[in-house]
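# this one's structure only:
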């Protein structure tokens with residue numbers, strides 16, 4: 001048996017991590033500006049995270065959701081307080097795709113409708129309805145293309161209002177900062193108008209915070225920069241620093257009933273211990289504030305680089321979610337970054353460099369990142 005190919009692979013065997021750095025089997029250090037798809041929020045192998053997850057494993061790793069799990073209750077209280085949504089309900093699952101799948105399913109239950117509006121260039125996951133709401137025909141199988149989703153341009157409020165006025169929309173799902181879509185940001189006018197239009201026409205507003213949330217933007221959630229309160233918020237990636245976990249935050253006006261949603265592994269004891277350790281570190285080390293501060297520095301320095309490099313056409317982002325757009329493909333540039341400068345980065349489309357480092361990235365590490373990026377030209 002061999003592995004089913006999923007991604008093109010760098011020929012590197014990463015065996016160790018600490019903070020914002022990883023090492024390969026040969027002992028070479030790399031600066032991690034990607035965090036494994038924005039998953040590593042508090043840094044690799046944070047001592048408190050390792051201790052708390054290890055301690056939990058010594059007592060109970062798993063039991064099903066048929067019994068009380070006090071760790072889930074603690075997580076709901078802590079997450080509600082730190083995120084600014086203490087009155088919301090929490091449903092725990094295992095991934096971002098599951099979070100969006102359940103959010104859209106819930107919206108359909110609540111409204112009795114089956115249509116969804118999503119933004120062009122959106123990425124919401126690879127499962128049934130989540131992938132149908134992803135604007136990438138290459139990953140949507142015929143069985144998933146069921147006609148539920150209409151794609152409209154991000155920030156074109158009039159287009160969304162026109163579709164909502166038809167009265168058959170269950171939910172609008174939007175990433176306030178599109179990740180795979182190229183670090184493209186929703187505007188305050190758009191999102192606030194969308195909130196009003198959803199209210200007027202009986203649709204639910206779902207904010208997909210799987211990549212842009214959990215402190216990455218310099219606020220706990222990216223939509224909090226824009227002055228709205230969604231009906232549903234979805235989370236994953238940084239929520240448990242690498243342990244598989246996802247979450248759906250559900251407004252109090254949405255009534256639950258037994259059997260509406262369910263999960264086997266979601267919110268298990270180990271996952272909750274990991275998620276609580278993340279919140280401990282985020283609060284103690286003020287990582288949301290750090291993401292805002294270090295992100296501002298990175299954006300400023302990258303924009304200075306733009307004035308020096310004629311191939312850079314735009315630099316955009318918020319907090320530690322940054323895109324650098326080039327006028328040419330960046331595949332060779334990223335390969336040189338890994339092989340010669342020992343830096344991991346991501347990409348969006350063929351020409352946008354995507355930076356998603358751990359929220360613990362220091363000013364010194366950010367300055368080193370700029371030095372290595374410039375040296376790669």
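Ah, there it is. Note that the coordinates shown come from a computational prediction; the quantities given were computed from them, not determined experimentally. Numbers count the residues shown, from 1 in each chain.

# helix, strand or coil for residue 30?
Here residue 30 is strand, with the state taken from DSSP: H, G, I helix; E, B strand; the rest coil.

# where do the domain boundaries of this structure fall?
Here the domain assignment for the chain is 14-46+286-375, 48-284, based on automatic domain parsing.

# Serialize those to a markdown table and add fields for mean pLDDT.
Written out in a markdown table, the entries for those read as follows (pLDDT from 0 to 100):
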| stretch | mean pLDDT |
| --- | --- |
| domain 14-46+286-375 | 97 |
| domain 48-284 | 97 |
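
# which one of these lies closest to residue 2?
Minimum separation from residue 2 across the domains of the chain (CB to CB) falls at domain 14-46+286-375, 20.1 Å. Any C-beta I mention is one placed from the backbone N, CA and C, and that applies to glycine too.

# thinking again about what came up before, could the domains of the chain go into JSON lines alongside mean neighbour count and distance to residue 1?
Shown next, in JSON lines, are the domains of the chain (neighbours: other CB atoms under 10 Å; distance: least, CB to CB, whole Å):
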{"stretch": "domain 14-46+286-375", "mean neighbour count": "19", "distance to residue 1": "23"}
{"stretch": "domain 48-284", "mean neighbour count": "20", "distance to residue 1": "22"}
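
# which one of the ones you listed lies closest to residue 3?
Each of the domains of the chain was checked against residue 3 via CB to CB, and the shortest separation belongs to domain 14-46+286-375, namely 16.1 Å.

# could I get the contacting residues of the closest residue to residue 243 other than its chain neighbours?
With sequence-adjacent residues excluded and distances taken as CB to CB, 6 or more residues apart in numbering, residue 243 is closest to residue 274, at 3.8 Å. If you count contacts by CB atoms under 8 Å, 6 or more residues apart in numbering, residue 274 has them with 49, 52-53, 240-243, 245.

# need the three-state assignment for residue 274.
Three-state assignment for residue 274 (three-state DSSP): helix.

# quick check: closest non-adjacent residue to residue 250.
The shortest distance from residue 250 to any residue that is not its chain neighbour, by CB to CB, 6+ apart, is 4.3 Å, and that residue is residue 89.

# contacts only, for that neighbour.
Listed by CB under 8 Å, 6+ apart, the contact partners of residue 89 are 76, 249-252, 254, 256.

# take these and write them to JSON lines, including secondary structure.
Formatted as JSON lines, the entries for the contacts of residue 89 read as follows, by three-state DSSP:
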{"residue": "76", "secondary structure": "helix"}
{"residue": "249", "secondary structure": "strand"}
{"residue": "250", "secondary structure": "strand"}
{"residue": "251", "secondary structure": "coil"}
{"residue": "252", "secondary structure": "coil"}
{"residue": "254", "secondary structure": "coil"}
{"residue": "256", "secondary structure": "coil"}
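
# and stretch 156-165, how far out from the chain's middle?
Averaging C-alpha coordinates over stretch 156-165 and over its chain gives two centres that are 26 Å apart (CA atoms, centre = their mean, to the nearest Å).

# ok, the spatially most central residue of the chain - contacts?
Closest residue to the average C-alpha location of the chain: residue 211 at 1.2 Å, with CA atoms, centre = their mean. Listed by CB under 8 Å, 6+ apart, the contact set of residue 211 reads 37-38, 96, 175, 177, 179-180, 237, 321, 356.
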